[in-house]
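A.B. asks: Predicted model, plus sequence, below.
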Amino acid sequence: MTEIAANAKVSTGDIFLEFLLIGATSFGNIVPYLRNSLVVKRRWIDDKGFVELMSISETLPGLNATNVAVLLGDRLAGLAGSTAALVGVCLPGALVMYLAGIAYHIHGERPIVTAMLKGVAAASTGLVLATIVQLGRKSLPYVSDLVFVVVTVVAVHQLHQSVPRVLLCVGLIAVLWYRPGHERARRNP
């Protein structure tokens with residue numbers, strides 16, 4: 001557990017409201033919003049802890065945002081915190097998607113709708129890249145970190161390997177590479 005999260009006194013109401021706001025204001029990729037709200041604004045967790053939660057969330061089934069909500073809610077306030085965070089982050093999206101589904105069913109064939117969706121896709125990609133750069137600078141200080149990233153991307157996207165298989169293989173190699181006392185892991189680029 002990070003020092004910040006361990007020392008935080010956070011009510012379940014605060015957890016619910018923050019995750020409700022995250023769920024209501026995040027569009028496309030939620031990771032930049034999660035980081036901004038939880039690390040920068042609320043300081044419930046630091047960047048290292050956030051990357052740890054994202055790493056765990058990526059390896060679990062389900063949506064990253066809900067996984068992060070459950071994990072951080074638990075760290076901050078136990079089961080009640082997990083429940084508050086989960087309901088808070090999911091409620092706005094569920095309501096909006098229900099209404100969007102109705103609207104898309106009625107107006108989905110219009111060219112303006114297609115144009116809007118392409119614009120949203122471009123903006124979402126930009127948010128993902130901005131977050132990758134921010135987190136990468138802080139959590140990937142070694143050349144070997146970048147090698148693991150490249151191997152993972154190539155294995156999934158170019159070699160069409162399954163994500164669980166790649167995570168197990170690359171993860172095992174990374175654990176062996178970074179094991180305590182292993183000098184190569186401590187060298188800076």
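C.D. replies: It's in.
A.B. asks: Could you list the buried residues of stretch 123-134?
C.D. replies: Within stretch 123-134, the residues that count as buried by 16 or more other Cβ atoms under 10 Å are 127, 131, 134. Just so you know, the C-beta spots here come from the backbone N, C-alpha and C atoms, and that holds for glycine as well.
A.B. asks: So which of those residues is the closest to Ser37?
C.D. replies: Thr131 (12.7 Å; Cβ to Cβ).
A.B. asks: who's in contact with that closest one?
C.D. replies: Remark: with contacts taken as Cβ atoms under 8 Å, 6 or more residues apart in numbering, Thr131 is in contact with 29, 31-32, 35.
A.B. asks: Redo the buried residues of stretch 123-134 as JSON lines? Include pLDDT, secondary structure and distance to Val151.
C.D. replies: Converted to JSON lines, the buried residues of stretch 123-134 look like this (pLDDT from 0 to 100; DSSP: H, G, I helix; E, B strand; the rest coil; distance: Cβ to Cβ, whole Å):
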{"residue": "Leu127", "pLDDT": "80", "secondary structure": "helix", "distance to Val151": "25"}
{"residue": "Thr131", "pLDDT": "79", "secondary structure": "helix", "distance to Val151": "21"}
{"residue": "Gln134", "pLDDT": "81", "secondary structure": "helix", "distance to Val151": "22"}
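A.B. asks: My guess is Ile22 contacts Val31. True?
C.D. replies: No: the criterion here is Cβ atoms under 8 Å, and Ile22 misses it with Val31 at 10.6 Å.
A.B. asks: In terms of secondary structure, what does the longest helix anywhere in the chain contact?
C.D. replies: Of all the elements of type helix in the chain, the one with the most residues (DSSP state H) is helix 64-107. Helices and strands touching helix 64-107, by 3 or more Cβ pairs under 8 Å, 6 or more residues apart in numbering; DSSP states H and E, are helix 3-7, helix 12-25, helix 31-35, helix 47-59.
A.B. asks: which intervals of this structure have sub-threshold pLDDT?
C.D. replies: 1-8, 28, 182-189 (pLDDT under 70).
A.B. asks: got the contact list for stretch 60-69?
C.D. replies: By Cβ under 8 Å, 6+ apart, stretch 60-69 touches 19, 22-23, 26, 30-31, 34, 38, 53-54, 56-58, 82, 85-86, 88-90.
A.B. asks: Now with 10 Å, please.
C.D. replies: With contact meaning Cβ atoms under 10 Å, 6 or more residues apart in numbering, stretch 60-69 is reached by 15, 18-19, 22-23, 26, 29-31, 33-35, 38, 45, 50, 53-54, 56-59, 70-71, 81-90, 93, 164.
A.B. asks: quick one: Val39 and Val120, what's the gap?
C.D. replies: 25 Å (Cβ to Cβ, to the nearest Å).
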